[in-house]
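Test case, fold it:
(2 chains)
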Amino acid sequence: MSPRKARAGARAVPVAGPRLDVDALLDEKSLRVVVCCGSGGVGKTTVAAALALRAAERGRRTVVLTIDPARRLAQSLGLTELDNTPRPVQGVRATGEGFLDAMMLDMKRTFDEVVEAHATPEKAAQMLANPFYQALSSSFAGTQEYMAMEKLGQLRGVVDTDGRPRWDLIVVDTPPSRSALDFLDAPERLGSFLDGRLIRLLLAPAKAGGRAYVRVLSTIAGGVTGVMNRVLGAQVLTDVQTFVAAFDTMFGGFRERAQATYALLASEGTSFVVVAAPEPDAVREAGFFVERLQAEGMPLAGVVVNRATVSTEQALDCETAMAAAKAAAVDDDAHDGTSEVLWVHARRVRRLEAERQVAARLTRLNPPVPTVVAPARPLDVTDLDSLRAVGEDLATGPVVSPRASAP
Amino acid sequence: MPPPVSTVSDVPDLLDPRVRLHVVTGKGGTGKTTVAGALALALARRGRRVLLCEVEGRQGLARLFDRDPLGFEPTSLVPVPGGALLGSAIDAKAALLEYLEVFYRLGRAGRALERIGAVDFATTIAPGLRDVLLTGKVYDAVRTRQGSRRGNTPYLYDHVVLDAPPTGRIGNFLNVNAVGAGLAKVGPIHSQAESVMTVLRSASTAVHVVTLLEDMPVQETADAVAELRALGLPLGHLVVNQLRPPLLDPDHLRLVTDGGWDVDGLASDLERFGVAGPDPAARAAGLLRQTREHAVRVGREAELRAEVAELGLPVVELPQLQGGRSGLDDGGVHELAEELG
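Just a heads-up that it's a prediction; the model follows:
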């Protein structure tokens, strides 16, 4: 296949792409932000924490921003309280200047801090008491994504007394969205709502200055608010209007903030690591996400296929192992348990093969995306040692391969 | 052959005919959509008319039954002799427009509201309204009768099965109609809210939680059960999904864990059956390492299984089907529906 043809679309003959070189990524001094994304349940938080630990142990001054870690993993990182402040992680085998801080995002508190930082105490108190603000800051589907980005911006701005940024690498875990794409869309969606046409209409009565077109606008807005009042109840819109009016004067537009966030993500010094499990839905999501990042010119490091079934003995295929297991089960001279050992292997390679076929979808992406396969572990990652082992796996794992091959 | 996985025959009442609304939740990745689909299919196979709904805009049901994307209007998912299985992708926007139409006859004006973003606003950002609309539609489906809206004709659907939001959101989602603050305090949506809660809290509703025998899903299941209990919502079954059959008997599990396995004996057996490869000792060591990992996993699963049992709810166990953890195709749903009876 000629290179020109290869660029024309999905590659006809899948071949293994380049390997995601995690150590080269983490050692790149110009890299300041790593964003781990992917659909829910693929082990994003674990990968983020493992990358951060490895970076710290390779000499980077690192902080990891986690969203919703499993309790035991959180404990192992010293995250026993949700106080929205980075804390040093104990037990890191740091080299050079390296160290690791970790924090868990408190979405509501981050939002509150933004309000408090930008308003007089009186106005902030008013805002924090507004029911619409309370609902938005604690439960709107995009708020968590937005606040993760807000916090990322804050962390990037922290400098020590010598004027140097406190962290030279920030690793960000992303919220457990139903779709990985939500993470990119939510800040913009939230921004455009709070800054959009409807909000302007809702605000129009309050700002009416008497000019004819303003009166027309007010009339339309009155109609809209009238219907929405009837459906929702009047209090809701009053709360919204108060909230938006206060917000507007406070920040001069939510949308600009969302755009600034987006610019930060697209900038040099940021790299996305997409995490997938070797399952159809997760791989499909990862594929969409990769295409989206590429389409928008976002810096993509590659895809981690996490928790994959691996075997050092995969040269022994499933069919042969099963046949031998059956033969051993009825052979009086075979040792006790030999059949079971072979069954364990047969099931493992059958799973491995199914997963490989699922993950192979990633090799059909064009342009090819760097990948690395990290093996499943028998137990969940709950301490620094196993986190370190995951980091080692990420750095040394094989590339996703479209065909069965010797390890 | 490995022994078969224990199945649900001892817990028949997951398909209790008196339960009209089945709410299926679970952590992402546990297979809740597949379980909801299998439950709906099993009910339909018993000759019932069943509506299966999704509310998160994922088109998971279409993928599960390998068909075109579903719309708001219920359509047949798969033919079921003697029964019926319909599917609907409930969409907050469509639900709001329907409300406006029904209560205000706002056909065109409703679309005008949509154009300026009012509908988007109301369904995406207005706190909780989205969930009010979604649960409202589910409630409608539960109480709608055949023919006219009034009278004592039979219900249009014998059962409604809801592929609900995941465990992290299920409490807020189901309880949204009980939460007064920040929400519609008057108007038609408000007056419906109370009726919705009455149905959701009644014995004809059951909230099932799907889990895997893995740390995070079990932890989230325990959290969800505590939350739903505190909210007074009726819990149904815990569904342990993707259970793998034990491959080793208990003595062998202990032996391989303690490192007492006869590795030389295994190597000679491998040679005997022609599967030893170029280095029998290395192959035996590799296979034993895998068996030890299997034993560790089995041990952890047993602990987690005990944690699930301690939650005090009836448990249904479903076997892992061949071909991966999730994204099962049509055949998978049918197989699981068989398991459910």
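
rest of the way, CA atoms for contacts and neighbours
Noted.

Which helix or strand contains A:Leu387?
helix A:384-396 (DSSP states H and E).

Can you give me the buried ones in that helix?
For helix A:384-396, the buried set under the neighbour-count rule, 16 or more other Cα atoms under 10 Å in any protein chain shown, comprises A:Leu384, A:Leu387, A:Arg388, A:Val390, A:Gly391, A:Glu392, A:Asp393, A:Leu394, A:Ala395, A:Thr396.

right, and A:Leu51 touches A:Glu392 too?
No. Counting by Cα atoms under 8 Å, A:Leu51 stays clear of A:Glu392, with 9.3 Å between them.

okay but B:His294 is in contact with A:Pro378, surely?
Yes. If you go by Cα under 8 Å, B:His294 and A:Pro378 touch, sitting 7.2 Å apart.

So which of those two has more stuff around it?
B:His294 (23 against 16; other Cα atoms under 10 Å in any protein chain shown).

where does the more buried one land in three-state SS?
Classification of B:His294 by DSSP: H, G, I helix; E, B strand; the rest coil places it in helix.

Establish whether the longest strand seen in chain A and chain B are in contact.
Counting by DSSP state E, the longest strand found in chain A is strand A:300-308. No. Strand A:300-308 stays clear of chain B (Cα under 8 Å from any Cα of the partner chain), getting no nearer than 11.1 Å.

Point out where chain A drops to low pLDDT.
A:1-14, A:82, A:135-136, A:138-142, A:176-184, A:186-241, A:244-258, A:404-407 (pLDDT under 70).

Quick one: the strands in it, in order.
Using DSSP E, strands in chain A cover A:33-37, A:61-66, A:87-88, A:99-104, A:169-173, A:270-276, A:300-308, A:371-375.

would you turn those strands into a markdown table with mean neighbour count?
Listed next are those as a markdown table, based on neighbours: other Cα atoms under 10 Å in any protein chain shown:
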| stretch | mean neighbour count |
| --- | --- |
| strand A:33-37 | 26 |
| strand A:61-66 | 27 |
| strand A:87-88 | 17 |
| strand A:99-104 | 25 |
| strand A:169-173 | 27 |
| strand A:270-276 | 25 |
| strand A:300-308 | 24 |
| strand A:371-375 | 25 |
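
quick one: stretch A:120-132 to chain centroid distance?
With Cα atoms, centre = their mean, to the nearest Å as the basis, stretch A:120-132 stands 31 Å off its chain's centre.

contacting residues around the longest strand of chain A?
A:20, A:25, A:42-43, A:271-278, A:286, A:290, A:293-294, A:352, A:355, A:359, A:369-377, A:394, A:400 (Cα atoms under 8 Å, 6 or more residues apart in numbering or on different chains).

near chain A, anything from the lengthiest strand in chain B?
Counting by DSSP E, the longest strand found in chain B is strand B:235-243. No. Between strand B:235-243 and chain A, judged by Cα under 8 Å from any Cα, nothing touches; the nearest distance is 13.1 Å.

coming back round to it: okay, now the sheet partners of the longest strand of chain A, with direction.
strand A:270-276 (parallel), strand A:371-375 (parallel) (DSSP bridges).

Leaving out the residues flanking it, which one is nearest to A:Ser339?
Ranked by Cα to Cα, 6 or more residues apart in numbering or on different chains and with sequence neighbours excluded, the top spatial neighbour of A:Ser339 is A:Ala325, at 4.3 Å.

just B:Gly83 next, same as before
B:Gly47 (4.0 Å).

check contacts around that neighbour.
B:Pro81, B:Gly82, B:Gly83, B:Ala84.

And it, which helix or strand is it part of?
Short version, using DSSP H and E: B:Gly47 is in no helix or strand.

With the one 5 residues further on instead?
Here B:Leu52 sits within strand B:49-54, counting by DSSP H and E.

quick one: is that strand near chain A?
No. Strand B:49-54 is not in contact with chain A by Cα under 8 Å from any Cα; minimum separation 13.2 Å.

confidence score at the closest residue to B:Ala193 other than its chain neighbours?
With sequence-adjacent residues excluded and distances taken as Cα to Cα, 6+ apart, B:Ala193 is closest to B:Asn177, at 4.9 Å. B:Asn177 is assigned 78 on the pLDDT scale.

Can you check my assumption that B:Asn177 lies in a helix?
No. Counting by three-state DSSP, one finds B:Asn177 to be coil, located in no helix.

show me where the stretch 101-250 of chain B has strands.
Ranges of strands within the stretch 101-250 of chain B are B:159-163, B:205-211, B:235-243, based on DSSP state E, counting those that start in this stretch.

The shortest one packs against which elements?
It refers to strand B:159-163. With contacts taken as 3 or more Cα pairs under 8 Å, 6 or more residues apart in numbering or on different chains; DSSP states H and E, strand B:159-163 sits against strand B:21-26, helix B:32-45, strand B:49-54, helix B:129-143.

Give me the contacts around the longest one.
Helix B:129-143 is contacted by residues B:20-21, B:51, B:53, B:55, B:90-92, B:95-96, B:122-124, B:155-157, B:159-160, B:162, B:173-174, B:176-177, B:183-184, B:189, B:192-193, B:196, B:199 when judged by Cα under 8 Å, 6+ apart.

try the third one
Residues from elsewhere that reach strand B:49-54 (Cα under 8 Å, 6+ apart): B:36-37, B:40-41, B:43-44, B:60-61, B:74, B:83-90, B:138, B:141, B:156-164.

Same check on the second one?
The contact list for helix B:32-45 (Cα under 8 Å, 6+ apart) reads B:15, B:24-26, B:49-52, B:60-61, B:64, B:80-85, B:159-163, B:210, B:326, B:328, B:333-334, B:336-338, B:340-341.

Now do it and strand B:21-26, the angle between them.
Helix B:32-45 and strand B:21-26 are oriented at 150 degrees to each other (axes from the mean of the first three to the mean of the last three Cα atoms, to 10 degrees).

circling back: what's the least confident stretch among the helices and strands packed on strand B:159-163?
Across these, the lowest-scoring stretch is helix B:129-143, with a mean of 87.

Pull out the buried residues from that one.
If you call a residue buried by 16+ other Cα under 10 Å, then helix B:129-143 has these buried ones: B:129-139, B:141-143.

What angle do strand B:205-211 and it make with each other?
Going by the same axes, to 10 degrees, helix B:129-143 makes 120 degrees with strand B:205-211.

Having no further points to raise, I will conclude here.
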